[in-house]
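curious how this folds, go ahead:
(chains A, B, C and D)
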Number of protein chains: 2
Amino acid sequence: MTNEVKESFTSDAPAAPPAPAALAAKVRTLAPSMTRSMQRVAEAVAGDPAGCAALTVTGLAELTGTSEATVVRTARLLGYPGYRDLRLALAGLAAQQQSGRAPAVTADIAVDDPVADVVAKLAYDEQQTLADTAAGLDTVQLGAAVAALATARRIDIYGVGASGLVAQDLGQKLLRIGLIAHAHSDPHLAVTNAVQLRSGDVAIAITHSGSTGDVIEPLRVAFDHGATTVAITGRPDGPVTQYADHVLTTSTARESELRPAAMSSRTSQLLVVDCLFTCVTQRTYETAAPALAASYEALAHRHSPRNR
Amino acid sequence: MTNEVKESFTSDAPAAPPAPAALAAKVRTLAPSMTRSMQRVAEAVAGDPAGCAALTVTGLAELTGTSEATVVRTARLLGYPGYRDLRLALAGLAAQQQSGRAPAVTADIAVDDPVADVVAKLAYDEQQTLADTAAGLDTVQLGAAVAALATARRIDIYGVGASGLVAQDLGQKLLRIGLIAHAHSDPHLAVTNAVQLRSGDVAIAITHSGSTGDVIEPLRVAFDHGATTVAITGRPDGPVTQYADHVLTTSTARESELRPAAMSSRTSQLLVVDCLFTCVTQRTYETAAPALAASYEALAHRHSPRNR
DNA sequence: ACCCGGCCGAAAGTATCTTTCAGATGTGAC
DNA sequence: GTCACATCTGAAAGATACTTTCGGCCGGGT
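Prediction:
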């Protein structure tokens, strides 16, 4: 993979439309792939949109102790053609949150927080994660993935660790609407099965880090065999996207010791998975509806009679 | 010879601050004092803020059939230092009136909803579920369950179907902080293991319906053997609570054909599970923190090197 | 008809943004 | 430890967008 160009973000930005309000989320998502100075710029921008909107490139560069070039680079990474456009978006964001509501600041969870606080903070954080995910989800990519799934001959889903459970969840759901789906947690079996895939089949890899080898490998094999591949990841710039026809980005919330990344990434992944499932159900409604009804019926008998 | 300068609106603009949102009104007010071409510009600006915000001076001049100078003059008259600032205000205005439109997110998901609507509705519904769950969670019961878990010799978790994945999630998490936890999805094995439990051990049953026999049975056995039992259920009046020392209630959101109960119950259950985990981590911080750190360390090597 | 005063746009001038390029910095290999 | 390599970073050149100047043009008044 040898690419000549040194700095041409313009084309390889993953079809990112100028985000309207999901900027804070985008900053968090992309922060890990940023360099130190770019992070400083991104932080300033996310922290004080109104203030930054009033600054010129030079001003923002000085404020963050970096150079104009870095500011422009950051703007590019966030999906804008240049700083000018970022600035416009910033002004919009500022106006929005000015007229909107109070941000309802939230602190990290501390070791000595009472139980009630923990509940409130966790709930708030997960709500935030959901909002960020929804705002950052590329509906075009989602639509394309749905279209592939709806007509797939066979669907394989890869995920290990915490993402493994999400993979299982998606697998269970798709099975319920009559699709042939299988979630693999065993990397060896995943690869073994991936070689069976061909054009018309779909492979889905779920990995927060975007660089989980155990998940990338089967996706690569599926990709090489002509299957349509989908990646659900928090790192749209990670290795996994190399072999993905469609990339669905999950959000990355700030984490702390008492709130590991796995927690919010799971929430985010599940929302994406639910979206996939729901949209596929829409598109295959004729067959999906009776299948769903049948699975309800089947479960009803597993409950105790005295259900009140 | 009174005044040399011909065009210096900068100072004689009537102390007008950069108008925030009252732009349309300002245009109307000032229209009479405008020249013909300036009116054309003002009209365009007031009519389509979003569109104009995307244009450069030259663009707007062409659109209105005037010149750059006129555009700048208009901007000055409206109270801005120059076109640049008018443009920023325009972007803000556009964002504001964009967000003003309610997405009508309250409705059920329809078969013909576009993808973007599905995403918005699902996210909103799950946020609602989280809020409901947090509000309805009994912190006393939660605290009691946490206390039992923190000192447990051994922890068994029961869940089948969708709740099975939640059980797995909790099991994985507790293992990570050094507790001896096992999630059972196989009802037979669950019962077989339940007979091993005794006082000082904890058994947790997760069932949305509260009447899943496959989960109630092992909980009953654990209860009879003297273990501390916890039920995570959406039906605090269901059979499962009969054998539960502590009951944690999950919320039940309205469901529809395209949004099965399993979806929101899972969200709700996961929040409860996260609360349990986080609080237990707090209480066992001395041992949990190093264990968590170790598990991170172990995982780091499973990622591709080129992670940036 | 002629003059006068203000409106208007072309083009020059300036600020801002973008790109390039070479030095600085860190990273992995040996 | 030190070398080679890749990457990041900012100074400055280059391009673009914005602002100002200035003279022409089109009315109205005499």
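
any idea of the mean pLDDT for the helix or strand encompassing A:L270?
A:L270 is part of helix A:261-283, with elements assigned from DSSP states H and E. Across helix A:261-283, pLDDT averages out at 92.

what's it packed up against?
Of the remaining helices and strands, those touching helix A:261-283 by 3 or more Cβ pairs under 8 Å, 6 or more residues apart in numbering or on different chains; DSSP states H and E are helix A:115-136, helix A:139-150, helix A:162-176, strand A:228-233, helix A:285-300, helix B:115-136, helix B:261-283. All C-beta atoms are positioned from the backbone trio N, CA, C, and that covers glycine.

can I get these in a markdown table including distance to B:D237 and mean neighbour count?
Below are the helices and strands packed on helix A:261-283 laid out as a markdown table (distance: least, Cβ to Cβ, whole Å; neighbours: other Cβ atoms under 10 Å in any protein chain shown):
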| stretch | distance to B:D237 | mean neighbour count |
| --- | --- | --- |
| helix A:115-136 | 22 | 22 |
| helix A:139-150 | 39 | 20 |
| helix A:162-176 | 27 | 23 |
| strand A:228-233 | 38 | 28 |
| helix A:285-300 | 19 | 14 |
| helix B:115-136 | 14 | 21 |
| helix B:261-283 | 16 | 24 |
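
closest one to DNA strand C among those?
Distance to DNA strand C, taken as Cβ to the nearest atom of the strand, is lowest for strand A:228-233 among those, at 21.1 Å.

what pLDDT does the model give the residue in the stretch 151-300 of chain A positioned nearest to DNA strand C?
The nearest approach of the stretch 151-300 of chain A to DNA strand C comes at A:S211, 13.1 Å away (Cβ to the nearest atom of the strand). In this model, A:S211 is scored at 84, pLDDT.

cool, and A:V105?
The model reports A:V105 with a pLDDT of 51.

okay, the helix holding A:L270 in PDB with CA atoms only?
The C-alpha atoms that make up helix A:261-283 are tabulated as PDB, following Å, rounded to 0.1, in the frame of the first residue of the first chain:
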ATOM      1  CA  ALA A 261     -14.100   2.300  27.000                       C
ATOM      2  CA  ALA A 262     -15.700  -1.100  26.500                       C
ATOM      3  CA  MET A 263     -18.800   0.200  28.300                       C
ATOM      4  CA  SER A 264     -19.700   3.100  26.000                       C
ATOM      5  CA  SER A 265     -18.400   1.300  22.900                       C
ATOM      6  CA  ARG A 266     -20.800  -1.500  23.600                       C
ATOM      7  CA  THR A 267     -23.700   0.900  23.900                       C
ATOM      8  CA  SER A 268     -22.700   2.600  20.700                       C
ATOM      9  CA  GLN A 269     -22.300  -0.700  18.800                       C
ATOM     10  CA  LEU A 270     -25.600  -1.900  20.000                       C
ATOM     11  CA  LEU A 271     -27.400   1.100  18.600                       C
ATOM     12  CA  VAL A 272     -25.700   0.600  15.300                       C
ATOM     13  CA  VAL A 273     -26.700  -3.000  15.300                       C
ATOM     14  CA  ASP A 274     -30.300  -2.100  16.200                       C
ATOM     15  CA  CYS A 275     -30.400   0.300  13.300                       C
ATOM     16  CA  LEU A 276     -29.100  -2.400  10.900                       C
ATOM     17  CA  PHE A 277     -31.700  -4.800  12.200                       C
ATOM     18  CA  THR A 278     -34.600  -2.500  12.100                       C
ATOM     19  CA  CYS A 279     -33.800  -1.200   8.600                       C
ATOM     20  CA  VAL A 280     -33.300  -4.800   7.300                       C
ATOM     21  CA  THR A 281     -36.700  -5.700   8.800                       C
ATOM     22  CA  GLN A 282     -38.300  -2.800   7.000                       C
ATOM     23  CA  ARG A 283     -36.800  -3.800   3.700                       C
END
